[in-house]
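S.K.: Okay, structure incoming, though there's no sequence with it:
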Ligand SMILES: Nc1ncnc2c1ncn2[C@@H]1O[C@H](COP(=O)(O)OP(=O)(O)OC[C@H]2O[C@@H]([n+]3cccc(C(=O)O)c3)[C@H](O)[C@@H]2O)[C@@H](O)[C@H]1O
Ligand SMILES: Nc1ncnc2c1ncn2[C@@H]1O[C@H](COP(=O)(O)OP(=O)(O)OP(=O)(O)O)[C@@H](O)[C@H]1O
Ligand SMILES: NC(=O)CC[C@H](N)C(=O)O
């Protein structure tokens, strides 16, 4: 049997646009010989729809869209993810469902059994779980349909969470084909390999091929990497689709030719670069923007963000602004200009010395006698924020904010200053990884000036300031932050791991104190298993210390 895998990039809530994508992919795959076409989880409305589901017309409108799609489906079936209204409406009003459509109608409906409710997922809030996955006969073939998390029920972490794994049921069903519709976002730490293991294990258990179709594209902070795949009945992965790009392919299950896409397995840095490019491009374009704006300090964070933006949007759509103050170094200006030349982006200089002194003079009747402190440092960052947001308004370009995960963790950033902006591109990338990515981006041609990578990081908000005056070296800071923020270790555990007691206590205190800043920060693209954002919900006002 020839199966078409339609790895499409939907937009949440764009019912008309998603319908068009679904029908175009269906028609082109069927024209090329597909006998059955599979789409990702919730393809009709996009994933995750979150509280759009509570808008009274959303699910009915989405049902109408599914009906309109089904009318265009001919003899070759399409399996399409959608939200089904739950007629028994016992609290959770919907099912996360898959429609098996052919000959102009929805002929079968499968429902998700395991509802992920952890990290960025919140499906228990919306969906009712099905007891069993759908199994039915079509054209003398027995087909089983699962939806994303349903195949995760057998993993070590989820065995305790879910008492019944749908695959355990499916393996008794003598299936000819197992189909899984997914919306599985990427993060580093082996997610791709984990999925391959699960797809392969499902095939081995059911002794039949598994067709796994994943979503692709950015939606808010989530980056779906695609990498749809097929495994044969022995569990061998026999086909793979592109990573971080829309793709479609026909796989002939009767002709088990191994045709893995070359990008199927990749090193960490290409993954991070591609994830950021896709996440940034989709956030900007799906929000209705074409252009982006970045304050270029000559430092590494803004350089990496500008390089990602140039790749994602095209250099002609990116503008870098150097905003030197009275204390800015010469290299901050020349490194910013070199970067803009390397990238081919638009570049302008707007001096802020006058606006900073005007702000200080205006305040002086109220501040005389206090002495200079962080207030004046922040006035510079805020003057830049003011001017960059004005240019965003005027040029219709989205301002990208440049803070990395390390500084956002400890609050080394100015609220309403350098935190201004619509998307925090690298807010889930620790500073040590920012350096690695910058070096990686220079692999083929000069992209980021070497001086930007080699000079010591500095906020340049007071003369001769260096990040390491206020923070431990970044390799130590990032180790502590990974342990405390991502793994939940206590200070005692971190000290036992060999980190200095005073440094640990100071950094943990800073992380806890700065929750208020992160709550007001722009949304950021998720790259790690635990990002600041919807997957981490720490109270702002709290006093627990561990
Ligand atoms: N719990 C709470 N809930 C809500 N708001 C709270 C708050 N605690 C303080 N605040 C408010 O926040 C203010 C303090 O925050 P903020 O004004 O940002 O100022 P603050 O955090 O004191 O200073 C910013 C620090 O970041 C450094 N920095 C700035 C810019 C860039 C970089 C870099 O390297 O990239 C580093 C800078 O050198 C300075 O050390 C308080 O004055 C108060 O208004
Ligand atoms: N002179 C400047 N011109 C333009 N933008 C600036 C300037 N200084 C700071 N910014 C903006 O504020 C952000 C924070 O910069 P800062 O130098 O304080 O810290 P950083 O974390 O070392 O960042 P970077 O590595 O980009 O310098 C920068 O990434 C940039 O977007
Ligand atoms: N949509 C889903 O069910 C996603 C959950 C799954 N564990 C994943 O991250 O891939």
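M.R.: That came through, no problem. Note that the coordinates shown come from a computational prediction; the quantities given were computed from them, not determined experimentally. Numbers count the residues shown, from 1 in each chain. Ligands and ions are numbered 1, 2, ... in the order given.

S.K.: Quick check: next helix or strand after the helix or strand harbouring residue 407?
M.R.: Taking DSSP states H and E as the criterion, residue 407 maps to helix 405-410. Next in sequence after helix 405-410, counting helices and strands by DSSP H and E, comes strand 423-424.

S.K.: Quick one: name whatever helix or strand follows that next one.
M.R.: According to DSSP H and E, the helix or strand after strand 423-424 is helix 431-441.

S.K.: now for that next one, which elements pack on it?
M.R.: helix 268-286, helix 300-313, helix 405-410, helix 450-454, helix 474-481 (3 or more Cβ pairs under 8 Å, 6 or more residues apart in numbering; DSSP states H and E). Bear in mind the C-beta positions are built from the backbone N, C-alpha and C, glycine included.

S.K.: Out of those, the one nearest ligand 2 is which?
M.R.: helix 300-313 (3.3 Å; Cβ to the nearest ligand atom).

S.K.: Just the angle for the closest one relative to helix 268-286, thanks.
M.R.: Interaxial angle, helix 300-313 versus helix 268-286 (axes from the mean of the first three to the mean of the last three Cα atoms, to 10 degrees): 60 degrees.

S.K.: Offset the numbering so it begins at 884, please.
M.R.: I'll keep to 884 as the first residue from here, and by that count the last item is helix 1183-1196.

S.K.: any idea how far helix 1183-1196 is from the chain center?
M.R.: Between the centre of helix 1183-1196 and the centre of its host chain there is 16 Å, according to Cα atoms, centre = their mean, to the nearest Å.

S.K.: And stretch 1194-1202, by the same measure?
M.R.: With Cα atoms, centre = their mean, you get 20 Å for stretch 1194-1202.

S.K.: Straight-line length of it, end to end?
M.R.: In stretch 1194-1202, first residue to last residue: 13 Å (Cα to Cα, to the nearest Å).

S.K.: Please enumerate residues in contact with it?
M.R.: Stretch 1194-1202 is contacted by residues 1156, 1159-1161, 1163-1164, 1167, 1173-1177, 1189, 1192-1193, 1226-1231, 1274, 1278, 1280 when judged by Cβ atoms under 8 Å, 6 or more residues apart in numbering.

S.K.: Can I have the buried ones of these as a PyMOL selection?
M.R.: Of these, the buried ones go into a single PyMOL selection, burial set by 16 or more other Cβ atoms under 10 Å:
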select buried, resi 1156+1159+1160+1161+1163+1164+1167+1174+1175+1176+1177+1189+1192+1193+1226+1228+1229+1230+1274+1280
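
S.K.: what residues does the chain put near ligand 1?
M.R.: 1257, 1260-1261, 1264, 1290, 1294-1298, 1300-1301, 1342, 1344, 1350, 1399 (Cβ under 6 Å from any ligand atom).

S.K.: Please tell me which one of these counts the most neighbours.
M.R.: Taking other Cβ atoms under 10 Å as the neighbour criterion, residue 1301 ranks highest of those with 26 neighbours.

S.K.: and the end-to-end length of stretch 1379-1390?
M.R.: For stretch 1379-1390, the end-to-end distance is 16 Å (Cα to Cα).

S.K.: Show the contacting residues for residue 1133.
M.R.: Under the criterion of Cβ under 8 Å, 6+ apart, the neighbours of residue 1133 are 885-888, 912, 915-917.

S.K.: any idea how far it is from residue 911?
M.R.: Computed as Cβ to Cβ, to the nearest Å, the residue 1133 to residue 911 distance reads 10 Å.

S.K.: Also residue 1122?
M.R.: 18 Å.

S.K.: Which one's more surrounded, these two?
M.R.: Legend: neighbour count by other Cβ under 10 Å for residue 1122 and residue 911, higher for residue 1122 (24 against 14).

S.K.: for that one, helix, strand, or coil?
M.R.: Three-state assignment for residue 1122 (DSSP: H, G, I helix; E, B strand; the rest coil): strand.

S.K.: can you give me the strands for the stretch 984-1133 of the chain?
M.R.: 988-994, 1017-1021, 1024-1030, 1060-1065, 1093-1097, 1099-1102, 1105-1108, 1112-1114, 1120-1123, 1130-1135 (DSSP state E, counting those that start in this stretch).

S.K.: picking that back up, out of the contacts of residue 1133, list just those in helices.
M.R.: residue 912 (DSSP state H).

S.K.: ok, which pair from the contacts of residue 1133 is furthest apart?
M.R.: 888 and 916 (13.2 Å; Cβ to Cβ).

S.K.: Compare those two (neighbour count), which wins?
M.R.: Neighbour tally, residue 888 and residue 916, criterion other Cβ under 10 Å: the higher count belongs to residue 888, 27 against 11.

S.K.: coming back round to it: out of the residues of the chain next to ligand 1, which one has the weakest pLDDT?
M.R.: Least confident entry in the residues of the chain next to ligand 1, by pLDDT: residue 1344, with 74.

S.K.: returning to what we had before: of the helices and strands packed on helix 1314-1324, which is nearest residue 1137?
M.R.: That would be, of those and by Cβ to Cβ, helix 1151-1169, which comes in at 33.1 Å.

S.K.: What angle do helix 1183-1196 and the helix or strand that that closest one is followed by make with each other?
M.R.: Following helix 1151-1169 in sequence order, the next helix or strand is strand 1174-1178 (DSSP H and E). Per the same axes, to 10 degrees, the angle that strand 1174-1178 makes with helix 1183-1196 is 170 degrees.
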